[in-house]
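Participant: structure, please.
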Amino acid sequence: MTVKQFFKSKTFKCIVVLLSILLVCGIFLTVMYGFLEVSAEERFSRAVKKIYGHDVETVEIENLNDYTTKFKYSQVLKAYEVVDDGNYLINVTGKEGFGGSVTCWIVVEMSEDGSAIEGIMKIVIEKAPGESYISKISQSHLDQLAKKAEYGKELMGGFIHNSTTKHDEDDYVKTGASYSMRAISNAVNGAMDFVAEYIGGNA
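Facilitator: Residues are numbered from 1 along each chain as shown. Reported below is the predicted structural model:
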């Protein structure tokens, strides 16, 4: 078959059609990705609504590097002061899960004058890559764990992965995902430790 015959053949026409379809689909997907991409602001707004049920006014704590954000079993990613109620909304990752870490949004509840940590108002899971049983943890489980949190006492709500240390009976919430619950407990501990330092070490 000569080159001229090839360009006139059905094979060449099929290749051209397939390439055209791929090109059109690629352009379409690129355009749609631009429309459907969720911005960081939108993700934050959704997280706030999931926690509070409505929009609240927040002020981001921008100078995080001035404070301790990396702890042994957790890392604070972002932090906000909630103007509406005087509490703190902390985006924090807890380590020591079953297959990795669990990132949560945690509301640290403050006293009326804002000088002391009273406890944890809400815990919401943002993401948990590698946690096979994270679906076993319901919001009611997280609410139970939140009630057990107390600043000055390490929250131990699940098993430590690859460790002989188990859990504190007072903190334990039965879920079927105990390693993931330990990671969430670590996230809670990190959130409270950060806020305590931010307000001057008062609890």
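
Participant: could you point out the longest strand of the chain?
Facilitator: The longest strand of the chain (DSSP state E) is strand 117-127.

Participant: looking at this, Ile184 is in a strand?
Facilitator: No: with the criterion set as DSSP: H, G, I helix; E, B strand; the rest coil, the secondary structure at Ile184 is helix rather than a strand.

Participant: helix or strand with the lowest mean pLDDT in this protein?
Facilitator: With mean pLDDT, DSSP states H and E as the measure, the helix or strand of the chain carrying the lowest mean pLDDT is helix 3-8 (a mean of 62).

Participant: and the next helix or strand after it, how far out from the chain middle?
Facilitator: Beyond helix 3-8 in the direction of the C-terminus, DSSP states H and E gives the next helix or strand as helix 10-36. Using CA atoms, centre = their mean, to the nearest Å, the distance from the centre of helix 10-36 to the centre of the chain it belongs to is 36 Å.

Participant: ok, now stretch 43-55?
Facilitator: Between the mean C-alpha location of stretch 43-55 and the chain-wide mean there is a distance of 13 Å, by CA atoms, centre = their mean.

Participant: do the same with stretch 48-64
Facilitator: In terms of CA atoms, centre = their mean, the gap separating the centre of stretch 48-64 from the centre of its chain is 14 Å.

Participant: measure that stretch end to end?
Facilitator: When the termini of stretch 48-64 are compared using CA to CA, to the nearest Å, they are 20 Å apart.

Participant: kindly report the same for stretch 110-126.
Facilitator: The first and last residues of stretch 110-126 sit 22 Å apart, counting by CA to CA.

Participant: in that stretch, what counts as buried?
Facilitator: By neighbour count, with 16 or more other CB atoms under 10 Å as the criterion, the buried positions of stretch 110-126 are Met110, Ile117, Gly119, Ile120, Met121, Lys122, Ile123, Ile125, Glu126. For glycine as for every other residue, the C-beta is placed from the backbone atoms N, C-alpha and C.

Participant: rewinding a little: what does the longest strand of the chain contact?
Facilitator: In this structure, residues lying in contact with strand 117-127 by CB atoms under 8 Å, 6 or more residues apart in numbering are 47, 50-51, 87, 91, 102-111, 134, 137, 139, 142-143, 145-147, 149-151, 184, 187-188, 191-192, 195-196, 199, 203.
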